[in-house]
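K.L.:
give me coordinates for this.
(chains A and B)
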Amino acid sequence: MPTERASDTPSAAGQSDEAASLASTTRILECYAAGFELRFADSLDAPAERTALPIRVSIDTNARTSITAGAIRVAQAPVCDGPAAARLYEASVAHALAHLRYSRRALPIGSRGALRVAVTSLIEDARVERLLMRGYPGLRGLWGMFHAASWEHGALTFASLAARLARALHDPGYDDPNHWVRKGRELFEEIAQRADDIAAWEEIADILAVDLAQMRVRFDASSYCVEPPYRDDNTYLWAAESEPEQARMEKAPGALDQATAQQDMADSPDERDDSPPPGAMLRAHRYPEWHARVGLIFDDWTCVYDRESATEPARSGDSEMRKNAASRREPPRWWYRPAKRLRGRFEGDELDLGAIIDHGVARRMRVPDDGHVFLQKRRARPSMSVLLLLDFSASTDELADASDTTVLDIEKEAAAAIATALDSTDTRIALHGFASNGRHDVRYLRIKDFDEPFGNAQRQRLQAQQGAFSTRMGAALRHAATQFDDEETEASLLVLVTDGEPSDVDVHDSSHLIEDARHAVSGLPARGILPFCFALDSGADRYVRTIFGSDRCMVLSGAANLASHLSKVIGSLI
Amino acid sequence: MQDILTQYRIGTEPYYRPIDREIELFAAAYSRRLPMILKGPTGCGKTRFVEYMASRLNKPLVTVACNEDTTASDLTGRFLLNAEGTEWHDGPLTVAARHGAICYLDEVVEARSDALVVIHPLTDDRRVLPLDKRGELIHAHPDFQLVVSYNPGYQAFGKDLKPSTRQRFGAIEFHYPDEATEADIVAHEGAVDHAIAIKLARIAAQSRKLRGRGLAEGISTRMLVHACALICGGIDAHAACALAMTRPLTDDEEVRTALDGFVRAQFGT
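P.N.:
Numbering: from 1, shown residues only, chains lettered A, B, ... in the order given. As a prediction, the model looks like this:
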C-alpha cells in the first residue's frame, strides 16, 4: 500500500501545484485589473452601460485572450510560470483593460469583409493602447516586449505585415522598409491626436485594407491569429454575425455563473427549506454570503442546520433565562474584581507607601536599599470562552501529510485533549463541528456546548463523528459567531481547525468561498471575537492567510502536535 | 513658565496643501476652543495638518503618541522620587492645559478607553483638569485646545472611543487627495520632478482600489514622499517604489505582484 501511495503523490502534487499557481495568478491579475477600475469619466460609453462590477479575470486554454463586458479570459501562457508568463498575463490584462476602457463594444460588422475587420481591429488595438499609455506610460515597455515582428525575416503575407504594422505603431524606433507599413504609420500618426474621432480611424483602416487587397496579399480569416500574443481575439469589438455565434459567446463561464446566480436568487429561499436533511430536532438558521465577484452580500444565501444548544428540552427554559439575564446588561465581570496590586516594584504609576517609608528609613540610616518603592496595578487575566470549530468534511478522512493517522483523528485527539485540560479551569470551552452539502444544507454539529461538562457522552459523540461532505467555511463561521451571544466572559476565541480550503458542491470558483470566509472572519472582531485558524494542509498557506490574516493562522504539516499548539495559542492570544 | 513650552513651538511653518475647507474649519473650532477629532487613513497628513495649524495659530503643540499601555497618569503626570523625597512631574496633557498649548493625542483609540476619561472635564465647558493625586485643580489656560486623531479604516480589536468621549468633540475627516493634488504635494515634499510625482500618485491611486482585496489600506502619501526621497538620492524608480511602497505595504505575495504591476505600468519593465 505505501508504495502505491508514494507513486501517486508526485503527480497529484504536481497537478495541485499547477492549479494553485493558476489560482494565485488569477488573483494577481484580478488585483491588477481592480487597480485600473473604470471610472465613468474615462469611458466613451454612457455611464448606464458601464457597470460598477469588478472585472473578473480567468485563465483559459484558448489561443488568444477574449473579453466580454466585465470579464477577461486570459489565454494560458505556453510556459506555465516564470517571469515571462507573468509578463504575458500582465500585458494581456492591460491590453484588455485598454479595450474595456476605450473601445466601443459590439459594432455591427455590416458589409465589412473579413480583411477589413482584421485591419480595423489592428488599428483599434493600437489606438486604445496609445490612450491607456497616456496615463500609464510604463505599459509601452511591457507591451514592447512582445512586439518581435521584423521586416528582416518577414514574408509578404498578411500575418507578417499586420504584425509589422502593429510593431511600427507601437515602437517609434522601429523602421520598416515596406511601403504599406510606412503608409499605415503615417496615416495613424496624422490623426493620433484626435483619439475620439471614430470616423477618421475607420477611414484609415479602410484605406489600408483596400491597399492590401490591391497588393493581392492573401488573407485567410480561419488561420489568422492576432499578433503579438498578448492581444485579444477582438470579438469584443464586433457584434456577432449570427445567432449560433452569439450563443457560443454567451456560454463563457462568467456569463453562465451570473445567469445561474440570478436564477437561484429568483427562487425564494423559503421554498427550499421544506427539505431539511435527515435528523430530527434541527433548526434552520439563515446566513448571508459574500459574493466577491459582484461585491454584494446575498442575504439568506446559506442555511445552517443545527440542533438546539441543549439536548434535553428542560434546558431550553434555562437558556431562555440566561438570555433574559444577558439582556439586562450586567457590567462585565472585571468591573467588580479589584485590580491586582503589585507592591515594591522598581517602577509603577503610584508609590507604595510602606516601601517608601522603609526606603526613607534606610536612606537616613545610610543603609543600601534597592529603591523598589512603586506600586503597579494589574488586571488579572480576563476570563475566556473558546469555541473549537472542527472541520468534519469528507477530506478529513484522508491521511494527513506524511503520517498514518487521518486528519479527523488528529482533530479528535487534539479536541479531546484541550477539552479535558480546560474542563476544570474557568476558561469555558465548546467543541463544535461542521460539514456542508451545498448552500442549503450546512450542518452544524455540537459535541460539547459551553455549559456541558466534557463527560463520557461528549467523548463518545466526538469519537462517533465521521467525515462527510464539504467545507463551507463562511456559513459555519457565521453560525459559530452567534454561539458567543450568551457568553459573558471578557474574551471570546473562535478557533477553526481545518484540513483544506473552503469548497462546496455547488461552487466551482474556488476563490468565491475563500472570499466569503474572509468576509465572515472580518466581521468577527466587531462582535468581540478573536478568530484563529489551524490548517492541517501543507498547501494551506495560500488561502488561510487570505482568510484569517497572517498573524491569525498557523499551518501545521502532518500529525504535528495540534493540542500543544492549540493550548499555546489559547494562552497567548489574550 | 512660558519657557517650558518653547520646546513645543513649531519653528518654521510646515508645508501643508489644503484639500478642502479644513484650515478654515479648524481655525473656527480653535477660536471656540472646541476639542477636535481628526480622522483619516494612515499617512494622509493628519499630523502634518495639526503642526501646520499650530504654527499658523502660533501656539505650541504637545504631541502624545498613544498606545495600549498609555494610562491616565501618562497623560496627567505622576510622582517621581528624587534625593529629597517625592516630586510631581506634569504629564503632557497637564503641561498643555497649564501653560496653554494644543495637546495632540495621536492614534487615540489605541489608548484604553478608561484612560481617556481623564480628558472629560477638560473637554466640556468646565475646562478643568483635576489632579487627584496632587490635590490640585488646574483651570485650563485660555490657549489650550485638545486635538485627537485616529484611523477609522482598520479596527484594532475591541478598540473604539466611548460615546461619552466622542460626543465632546468636533471632527474633520481626511481623505487622500486627488491625483493632481497628491502629485503637487509629493513633488513639493519629495523635491522631485512633477512627472515622477504624477506617476507615483497614480500608482498610489491604483493601490487604494485594492482595499478589501487583501490590503487594509492603500499606499499613503507619506510612502510616496519616502519613495521620492530615495529617487532623489539616486535610487532607480523601481527599487525605490519596492523599498518605500510595495514591500512595506503587504506580505501578501499576490497583492504585492499586482502592486509591482502598477509600478511597471508607470515606470516601464
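K.L.:
in the stretch 101-250 of chain B, which spans are helices?
P.N.:
Using DSSP state H, counting those that start in this stretch, the helices of the stretch 101-250 of chain B run over residues B:163-166, B:179-190, B:194-208, B:221-232, B:237-241, B:247-249.
K.L.:
tally of neighbours for the nearest residue to B:S113 once chain neighbours are set aside?
P.N.:
Leaving aside its sequence neighbours, B:S113 sits nearest to B:K162 (Cβ to Cβ, 6 or more residues apart in numbering or on different chains; 4.9 Å). For the C-beta atoms, the positions are set from N, CA and C on the backbone; glycine is no exception. Neighbours of B:K162 under the rule other Cβ atoms under 10 Å in any protein chain shown: 12.
K.L.:
what do you get for B:L129?
P.N.:
25.
K.L.:
how about low-confidence regions in the stretch 51-200 of chain B?
P.N.:
Applying pLDDT under 70 to the stretch 51-200 of chain B flags the ranges B:153-159.
K.L.:
residue of it closest to chain A, please.
P.N.:
Among all residues of the stretch 51-200 of chain B, B:S73 sits closest to chain A, at 4.6 Å; criterion: Cβ to the nearest Cβ.
K.L.:
what's the helix or strand where that residue lies in contact with?
P.N.:
Using DSSP states H and E, B:S73 sits within helix B:72-76. The contact list for helix B:72-76, computed with Cβ atoms under 8 Å, 6 or more residues apart in numbering or on different chains, reads A:349-350, B:64, B:90-94, B:105, B:114-115, B:117-119, B:129, B:131, B:133.
K.L.:
which helices and strands does the next helix or strand after it pack with?
P.N.:
Moving toward the C-terminus from helix B:72-76, the next helix or strand (DSSP H and E) is strand B:77-81. Packing contacts for strand B:77-81, counted by 3 or more Cβ pairs under 8 Å, 6 or more residues apart in numbering or on different chains; DSSP states H and E, involve strand A:350-351, strand B:86-90.
K.L.:
list the buried residues of strand B:77-81.
P.N.:
Buried residues in strand B:77-81, counting neighbours by 16 or more other Cβ atoms under 10 Å in any protein chain shown, are found at B:77-79.
K.L.:
check contacts around A:V521.
P.N.:
A:477, A:531, A:547-549, A:552.
K.L.:
what is the most widely separated pair among the residues you listed?
P.N.:
Largest separation among those by Cβ to Cβ: A:L477 and A:G549, giving 13.9 Å.
K.L.:
name the nearest residue to the residue in the stretch 101-250 of chain A positioned nearest to chain B, ignoring sequence neighbours.
P.N.:
Of all residues in the stretch 101-250 of chain A, the one sitting closest to chain B is A:G141 (3.5 Å; Cβ to the nearest Cβ). Nearest residue to A:G141 in three dimensions, chain neighbours excluded: B:G268, at 3.5 Å (Cβ to Cβ, 6+ apart).
K.L.:
just the CA atoms of stretch A:524-536, as PDB, please.
P.N.:
Provided in PDB are the C-alpha atoms of stretch A:524-536 (Å, rounded to 0.1, in the frame of the first residue of the first chain):
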ATOM      1  CA  LEU A 524     -15.800  38.600  14.000                       C
ATOM      2  CA  PRO A 525     -13.700  41.300  15.700                       C
ATOM      3  CA  ALA A 526     -16.600  43.700  15.700                       C
ATOM      4  CA  ARG A 527     -18.500  41.100  17.800                       C
ATOM      5  CA  GLY A 528     -15.600  40.900  20.100                       C
ATOM      6  CA  ILE A 529     -14.500  37.500  18.900                       C
ATOM      7  CA  LEU A 530     -10.900  36.700  18.200                       C
ATOM      8  CA  PRO A 531     -10.500  34.300  15.300                       C
ATOM      9  CA  PHE A 532      -7.700  31.800  14.800                       C
ATOM     10  CA  CYS A 533      -7.200  29.000  12.300                       C
ATOM     11  CA  PHE A 534      -5.100  25.900  12.300                       C
ATOM     12  CA  ALA A 535      -4.700  24.400   8.900                       C
ATOM     13  CA  LEU A 536      -3.500  20.800   8.600                       C
END
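K.L.:
now A:F158: closest residue in space, sequence neighbours ignored.
P.N.:
Leaving aside its sequence neighbours, A:F158 sits nearest to A:F219 (Cβ to Cβ, 6+ apart; 4.6 Å).
K.L.:
any idea whether the one you found is helix, strand or coil?
P.N.:
The local conformation at A:F219, judged by DSSP: H, G, I helix; E, B strand; the rest coil, is coil.
K.L.:
what's the burial count for it?
P.N.:
20.
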